[in-house]
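Enquirer: Need the 3D shape of this:
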Amino acid sequence: MTQAVADLFVIGGGINGCGIARDAAGRGLSVTLAEQGDLAQGTSSASTKLFHGGLRYLEYFEFHLVREALEERETLLCAMPHISWPMRFVLPYSPQMRFENDTPTSRLLSAVMPWMKGRRPAWLIRLGLFLYDHLGGRRILPGTRRLDLSRDPAGQPLRPGFRRAWEYSDCWVQDSRLVVLNARDAEARGARILTQTRVVSARRVGDLWEIATEGPQGAARHQARALVNAAGPWIGAVIHDVVHLETREGVRLVRGSHIVVPKLYDHDRCYFFQGTDGRIIFAIPYEQDFTLIGTTDKDHHGTPEEARCTEEERDYLCAFASRYFTRPVRPGDVVWTYSGVRPLYDDGASSATAATRDYVLRVDAAGAPVLNIFGGKITTYRRLAEHALEKLAPFFPQAGAAWTARVPLPGGDFPVDGVAALTGRIRAAHPYLSAAHAARLVRTYGTEALALLGAARSFEDLGPDFGATLTGAEVNWLVAHEFARSAADILWRRTKLGLHLDPAQVAALDAYLLTSGAGAQRLGPGGGPRGPEETPRPPDRL
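Expert: The predicted structure follows:
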């Protein structure tokens with residue numbers, strides 16, 4: 001069966017693909033997006049969960065990348081105050097902190113101050129933070145301040161040797177929810193979103209692309225005026241095996257691994273730790289009861305599906321964090337690990353850490369155009385989408401202007417500082433909700449939490465209780481509105497409640513999806529019913 005000709009066919013349901021689909025649909029273009037698994041099933045659900053400028057990229061003189069990311073933090077914060085919020089980061093200082101040997105800053109300092117022997121001087125860190133405060137036109141987020149760790153509560157979990165620190169601002173984001181909300185908004189604006197749909201081939205036929213897919217409804221054929229390859233770490237496979245392009249552009253796969261351990265401290269701030277090897281990691285409050293620690297940077301030589309946190313990476317992160325925390329972080333403390341593969345543009349850098357994080361967009365217009373997306377950061381996804389549409393503008397003169405800046409995503413239509421008020425409003429309408437339950441719903445669904453709860457007058461009215469405040473009403477909402485099909489979709493991407501449920505509760509959720517019909521299909525503007533996930537990827541564990 002061949003579908004109507006679309007303007008754009010997007011391959012990949014990660015943040016770049018869904019961001020481009022949303023932007024293009026809002027400009028009046030017809031869009032089809034195909035994702036081989038679940039939305040955000042790859043790299044886009046395996047980030048460090050931050051909207052941040054990338055403080056360490058200043059050492060590589062990536063000022064354009066940092067400026068754009070810093071400008072985007074507040075733009076995005078205004079559009080999604082439910083799934084993103086400000087956080088303060090504490091950067092403890094030690095004279096033993098060092099640069100990586102191959103950064104432009106380390107080479108410059110070694111030339112003019114050889115007696116430093118690669119160490120980061122305090123004045124240079126403060127200069128970097130000054131630039132970080134001012135490059136992006138910060139308006140909402142507070143600036144940097146100095147801390148005395150002997151008096152500030154942030155010093156209590158740390159070893160006594162750390163006396164001073166700086167505290168600066170960045171933002172937290174629920175990465176996989178960001179992807180899903182972009183997909184939902186794209187669909188609401190007319191895009192067709194096809195999950196569990198693999199692109200088998202794409203070839204130029206005259207002035208069009210002819211795309212063959214395999215999905216829940218079997219084989220299908222699609223036609224489009226332009227193709228967007230936003231396959232993330234699969235970009236090379238799409239170029240060579242699906243589209244069969246000859247190109248000199250290369251992708252460098254870099255694995256970033258994270259560990260999650262029981263909560264290491266009680267305050268709500270994050271830590272930015274610098275190592276004696278020049279690397280940095282974050283320690284971040286996570287899901288109320290845990291601390292998230294990461295990330296590593298390792299060249300990845302397998303397939304993206306094979307990415308796992310290795311024992312070496314786990315032990316490295318534990319040892320790194322233990323150099324700062326009074327209470328050692330041991331491998332046995334780790335309750336969950338996850339790894340994502342970043343598809344960076346291969347700029348010939350000597351190490352994975354030094355490879356550029358900036359995105360590169362390449363159009364092949366030898367016939368119907370194809371746009372290949374290399375790299376990118378979750379913080380700059382919206383600007384990447386705008387630049388992608390700029391690249392495609394010559395082929396679609398009828399497309400509208402850029403429009404996404406500060407336009408709310410579903411559920412985000414309330415003020416940045418309005419979370420408490422919205423939570424109070426929901427509890428007033430549904431007084432049976434606990435404070436924790438209401439807060440989680442607001443931080444997940446924003447104003448749409450009221451529609452999810454509907455006319456329920458008691459907790460029992462919300463249907464089966466699967467644990468950790470997950471109810472049948474929420475599961476039904478996720479299936480009906482957010483492309484969820486399996487327990488893995490719900491517990492590890494739409495939420496992170498998999499950290500809180502035991503195997504019996506997960507089995508009960510699986511049974512509910514099978515027997516209630518909630519997971520049997522999802523009908524909507526994107527097409528027909530959705531089939532089962534082929535091979536659900538379990539969360540990484542060691």
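
Enquirer: residue ranges of the strands in the stretch 401-542 of the chain, please?
Expert: Using DSSP state E, counting those that start in this stretch, the strands of the stretch 401-542 of the chain run over 465-467, 470-471.

Enquirer: Please apply the same query to the stretch 201-350 of the chain.
Expert: 208-215, 218-229, 251-262, 270-274, 280-286, 290-294, 298-299, 336-345.

Enquirer: Likewise for the stretch 1-150 of the chain?
Expert: Assigned by DSSP E, counting those that start in this stretch, the stretch 1-150 of the chain shows strands spanning 6-11, 31-34, 50-51, 84-92, 145-148.

Enquirer: tell me the most buried of the strands of the stretch 401-542 of the chain?
Expert: Comparing the strands of the stretch 401-542 of the chain by mean neighbour count (mean count of other Cβ atoms under 10 Å), strand 470-471 ranks first with a mean of 22. Where C-beta positions appear, they are placed from N, C-alpha and C, glycine not excepted.

Enquirer: Format the strands of the stretch 201-350 of the chain as TSV; extra columns: distance to S150, mean neighbour count and mean pLDDT.
Expert: Shown next, in TSV, are the strands of the stretch 201-350 of the chain (distance: least, Cβ to Cβ, whole Å; neighbours: other Cβ atoms under 10 Å; pLDDT from 0 to 100):
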stretch	distance to S150	mean neighbour count	mean pLDDT
strand 208-215	60	20	97
strand 218-229	53	20	97
strand 251-262	26	23	95
strand 270-274	16	22	95
strand 280-286	20	22	96
strand 290-294	23	24	97
strand 298-299	36	17	90
strand 336-345	34	24	93
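
Enquirer: Distance to E59 for those - can I get that in TSV?
Expert: Formatted as TSV, the strands of the stretch 201-350 of the chain follow (distance: least, Cβ to Cβ, whole Å):
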stretch	distance to E59
strand 208-215	41
strand 218-229	31
strand 251-262	17
strand 270-274	11
strand 280-286	10
strand 290-294	19
strand 298-299	19
strand 336-345	17
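
Enquirer: follow-up on the earlier one: wait, which of the strands of the stretch 401-542 of the chain is closest to K49?
Expert: strand 470-471 (20.0 Å; Cβ to Cβ).

Enquirer: Neighbouring strands of that closest one in the sheet, and parallel or not?
Expert: Strand 470-471 pairs in its sheet with strand 465-467 (antiparallel), by DSSP bridges.

Enquirer: what does the strand it pairs with rub up against?
Expert: If you take Cβ atoms under 8 Å, 6 or more residues apart in numbering as the criterion, strand 465-467 is touched by F459, T471, G472, V475, L497, H500, L501, D502, Q505, A508, L509, Y512.

Enquirer: one step back: out of the strands of the stretch 201-350 of the chain, flag the one nearest A165.
Expert: Set against A165 and scored by Cβ to Cβ, the strands of the stretch 201-350 of the chain come closest in strand 270-274, at 8.9 Å.

Enquirer: so what does the closest one touch, helix or strand wise?
Expert: With contacts taken as 3 or more Cβ pairs under 8 Å, 6 or more residues apart in numbering; DSSP states H and E, strand 270-274 sits against strand 84-92, strand 280-286.

Enquirer: How far off centre is stretch 286-301?
Expert: Averaged C-alpha coordinates place stretch 286-301 at 13 Å from its chain's average position (Cα atoms, centre = their mean, to the nearest Å).

Enquirer: Pick out the shakiest of the strands of the stretch 1-150 of the chain, pLDDT-wise.
Expert: Mean pLDDT is lowest for strand 50-51 out of those, coming in at a mean of 93.

Enquirer: Pairing partners for that one, with directions?
Expert: Here, using DSSP bridges, strand 50-51 pairs with strand 164-173 (antiparallel).

Enquirer: average pLDDT for the strand it pairs with?
Expert: 96.

Enquirer: circling back: tell me which of the strands of the stretch 1-150 of the chain sits nearest to D333.
Expert: Closest among the strands of the stretch 1-150 of the chain, using Cβ to Cβ: strand 84-92, at 21.0 Å.

Enquirer: which residues sit against the closest one?
Expert: For strand 84-92, the external contacting residues (Cβ under 8 Å, 6+ apart) are 50-51, 76-77, 125, 129, 140-142, 147, 149, 154, 158, 162, 164-174, 178, 268-274, 282, 284, 324, 419, 443.

Enquirer: Show me where the stretch 1-150 of the chain has its helices.
Expert: Assigned by DSSP state H, counting those that start in this stretch, the helices in the stretch 1-150 of the chain fall at 15-26, 63-79, 104-112, 122-134.

Enquirer: Nearest to H430, out of those helices?
Expert: Proximity to H430 (Cβ to Cβ) singles out helix 63-79 among these, at 26.0 Å.

Enquirer: residues of the closest one that come out buried?
Expert: Going by neighbour count (16 or more other Cβ atoms under 10 Å), the buried part of helix 63-79 is 65-79.

Enquirer: For Q41, state which of these is nearest.
Expert: Relative to Q41, and with distances defined as Cβ to Cβ, the nearest of the buried residues of helix 63-79 is L76, at 22.0 Å.

Enquirer: Can you tell me the centre-most residue of this protein?
Expert: Closest residue to the average C-alpha location of the chain: D175 at 3.3 Å, with Cα atoms, centre = their mean.

Enquirer: Low-confidence stretches in this structure?
Expert: Low-confidence segments of the chain (pLDDT under 70): 1-2, 97-102, 105, 109-110, 115-119, 347-357, 517-542.

Enquirer: and the nearest residue to E482 once chain neighbours are set aside, backbone torsions?
Expert: In space, and not counting its chain neighbours, E482 is closest to V180: 5.2 Å by Cβ to Cβ, 6 or more residues apart in numbering. Backbone torsions of V180, given as degrees, to the nearest 10, read phi -60, psi -40.

Enquirer: quick revisit: kindly reformat the helices and strands packed on strand 270-274 as a markdown table and extend each row with distance to H481.
Expert: Shown next, in a markdown table, are those (distance: least, Cβ to Cβ, whole Å):
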| stretch | distance to H481 |
| --- | --- |
| strand 84-92 | 20 |
| strand 280-286 | 26 |
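
Enquirer: what's the closest of the ones you listed to T197?
Expert: That would be strand 84-92 among those, by Cβ to Cβ, at 28.8 Å.

Enquirer: Run the chain-centre distance for that closest one.
Expert: 17 Å.

Enquirer: ends of stretch 324-332, how far apart?
Expert: 18 Å (Cα to Cα, to the nearest Å).

Enquirer: gap between that stretch and the chain center?
Expert: Between the centre of stretch 324-332 and the centre of its chain there are 27 Å (Cα atoms, centre = their mean).

Enquirer: In contact with the residue nearest to E482, which residues are there?
Expert: Contacts for V180 (Cβ under 8 Å, 6+ apart) come out as C18, L39, A40, E482, F483, R493, R494.

Enquirer: Thought R184 was touching the fourth one, still the case?
Expert: Yes. At 6.6 Å, E482 and R184 qualify as touching, with contact defined as Cβ atoms under 8 Å.

Enquirer: about what we covered before: narrow the contacts of strand 465-467 to those that are buried.
Expert: Counted by 16+ other Cβ under 10 Å, the contacts of strand 465-467 give T471, G472, V475, L497, H500, L501, Q505, A508, L509, Y512 as buried.

Enquirer: how much space between the last one and S44?
Expert: Here the distance between Y512 and S44 works out to 27 Å (Cβ to Cβ, to the nearest Å).

Enquirer: cool, and R145?
Expert: Going from R145 to S44 by Cβ to Cβ gives 33 Å.

Enquirer: When these two are compared, which one has more neighbours?
Expert: Using other Cβ atoms under 10 Å as the criterion, R145 and S44 rank with S44 on top: 27 against 11.

Enquirer: what's the closest non-adjacent residue to the more buried one?
Expert: G14 (3.9 Å).
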